[in-house]
Structure formats: structure tokens, C-alpha cells
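Engineer: My questions concern the predicted model and sequence given below.
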Amino acid sequence: MSSLSRLKEAPAFGEARDRELLKDAHSYVYFESPQGQLIAHFFLPPNHNPEAAHLTCVLFFHGGLWDTSMPTQFVPHCHHFASRGTVAVTVEYRVFNKHRTNPVEAMEDARLAIGFLKQNAGIIGVDPERIVVVGAGSGGHLALSSALQSASATPDQPDCRPAAVAAYSAIVDTSPKGVGHERFPSPKEAKELSPQSQLPCKNLPPCLLMHGRNDRVAPFDQIAKFAKSYRRKGNRCELVDYEGAGHTFFNYNTNEQLYQLSLNALDGFLVDLGFLSPEEPLVF
């Protein structure tokens, strides 16, 4: 893994729980923000040779309402996709509780994380045209926003367009009628940066949405409306609903059956796109 040594390693984690969950990760700084270093935690497939590999990369943005840093939320998912032969990454981004920032900075971090992966694809051993972004809750907002804003990016902006996007329990409407608008600098920005407000538009990446019918944080009717709008102009958008499920249904420690069902849905989505082999996961 000599090529990976060219990236800037992150300092060791201090909290025991995070240190234990991230013990198998290779952690690197992807952005020196004004509020401190932001870290990307990489989970690599067995016998990964970055100098020869050209793999799919699955990038995860945790939830927490842009307030709490939870980079370990998707560690179980990262282990799964690393076992399936991808490079899986969970990243930190700026949040209010830790950095005193708002969703606008978090959206910048999401774009920078994707840009970091694309710019260092050869070092990491991934295909820059097969970077899939996945998020939960507010992280779903970041993942979807990266796809929507990239569709209208100007030529002088860095390429942050993902090849596909998926979201669990996503917040898709941050207008005053939606969720989380009070966390933005102004109601105007909250509405303008709402994923729902940016639709419909053409040539969006394939999208998978997974949502609980009983989600009381991000109501299901909002995601259903968003999916319908996303499909306009010929875009692919699949909506998988989970009867009786709430906002955190997909987490490993919430409901084992729903975790596995939603993980299988994401796995199958990537297989259908040709980003994953349909073969069984590797056994360590």
C-alpha cells in the first residue's frame, strides 16, 4: 500500500468506542477546514493493491441533523462493501455541536470529500467514474445535494458528480415547510439548498431512496414527492419503503432484519448498475 502513504494520515482517535470501531480503517485528512482537520476513514477489500486496482468506491455521509458527528454510523456497511470488493469510506464533516457550523459548510465538505476521492483515485485504487455516495438523514441531504448541484456546476468548478446516489431516511425538503430550515443561515438559503427545490432537472445520476413509512423526522410523504420529481426528465429513482419503520431503521444496532433488508437493497442497486459483482461476499 505504498501509494496510500502519500496521503496525509489522520491523528489517532481518542474516544475508546470510536477507536475500536475504526481500528480496521485507514484514516486520512481530506480537508484542512478553518475549524480543524476533517478525516476520511477507508475500509479496503482483502489484498487491496491500490497501484493496480480500479474499484468502485462507496462513500458514506452519516446523519445527525448537521449537529452531531457520527462517522462510525456506517462502519458495518463499510465492512460489508469492502468484503464485496469495493473501497468503502465514511467521512467526518463539519457539524454544529463540534464546529459551530451550519449545513452550508457541511455541503461544502461533502463536495470536497468527493473531489478528494476523484483527485486521488489513482493513489487509492478506485475508478473516479464509479464513486457512489450514500447518506442518512442529514447525510442523505448531503448525498442528494452533491448529485443535484453537480448537475448545474460550471466548467471552472471541481468535478464532484457521483456516479450514483442512495439515501436512507433522507431529509429532502429544508424549506420552511420541511425539516431543518432553522439550522441554515436564512430561510432563503434553506429553501434554495433544499433538494426538492432543485427539481426537476435532466441527466441526474441513478438514485435509490430507502425510507420508513413511520419516519417522524423526515415524513414519508416528503420523500415520495421527491422521488416523483426526481423521475421527471427521464431520471432513474427507486423508492423502497419499509412498513412500520422509523427514522433509524437501517442502523446495525436498531433492527437486525431491517438493517439486512436495506443493506441488501443497496447492494442489489449497485449490482444492477454494474458497480458490484452479483457474487456472494468474500469470506475473511
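Structural biologist: Yes, it's here.
Engineer: quick one, strands of this structure?
Structural biologist: Counting by DSSP state E, the chain forms strands over residues 26-33, 36-43, 55-61, 87-91, 126-136, 164-168, 207-212, 237-242, given from the N-terminal end onward.
Engineer: could I get those strands as JSON lines with mean neighbour count and mean pLDDT?
Structural biologist: For the C-beta atoms, the positions are set from N, CA and C on the backbone; glycine is no exception. Listed next are the strands of the chain as JSON lines, based on neighbours: other Cβ atoms under 10 Å; pLDDT from 0 to 100:
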{"stretch": "strand 26-33", "mean neighbour count": "19", "mean pLDDT": "94"}
{"stretch": "strand 36-43", "mean neighbour count": "21", "mean pLDDT": "96"}
{"stretch": "strand 55-61", "mean neighbour count": "27", "mean pLDDT": "98"}
{"stretch": "strand 87-91", "mean neighbour count": "28", "mean pLDDT": "97"}
{"stretch": "strand 126-136", "mean neighbour count": "24", "mean pLDDT": "97"}
{"stretch": "strand 164-168", "mean neighbour count": "28", "mean pLDDT": "98"}
{"stretch": "strand 207-212", "mean neighbour count": "26", "mean pLDDT": "98"}
{"stretch": "strand 237-242", "mean neighbour count": "18", "mean pLDDT": "98"}
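Engineer: possible to save those strands as CSV with distance to residue 262?
Structural biologist: Listed next are the strands of the chain as CSV, based on distance: least, Cβ to Cβ, whole Å:
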stretch, distance to residue 262
strand 26-33, 26
strand 36-43, 19
strand 55-61, 13
strand 87-91, 16
strand 126-136, 10
strand 164-168, 6
strand 207-212, 5
strand 237-242, 7
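Engineer: of all those strands, which lies closest to residue 79?
Structural biologist: Of all those, the one in closest proximity to residue 79, counting by Cβ to Cβ, is strand 36-43 (6.2 Å).
Engineer: so that closest one versus strand 126-136, what angle?
Structural biologist: Inter-element angle recorded for strand 36-43 and strand 126-136: 110 degrees (by axes from the mean of the first three to the mean of the last three Cα atoms, to 10 degrees).
Engineer: what are the pairing partners of strand 36-43, and which direction each?
Structural biologist: Partner strands and pairing direction for strand 36-43 (DSSP bridges) are strand 26-33 (antiparallel), strand 87-91 (antiparallel).
Engineer: quick one: contacts for residue 45?
Structural biologist: With contacts defined as Cβ atoms under 8 Å, 6 or more residues apart in numbering, residue 45 is in contact with 55, 82, 83, 84, 85, 86, 87, 282.
Engineer: Pull out the buried members of those.
Structural biologist: For those, burial is judged from neighbour counts taken by 16 or more other Cβ atoms under 10 Å, and it is met by 55, 82, 83, 84, 85, 86, 87.
Engineer: between those residues, which is closest to residue 205?
Structural biologist: Lowest distance from residue 205 to those (Cβ to Cβ) belongs to residue 86, with 16.6 Å.
Engineer: so who does the closest one touch?
Structural biologist: Each residue near residue 86 by Cβ under 8 Å, 6+ apart is listed here: 45, 55, 56, 57, 58, 275, 276.
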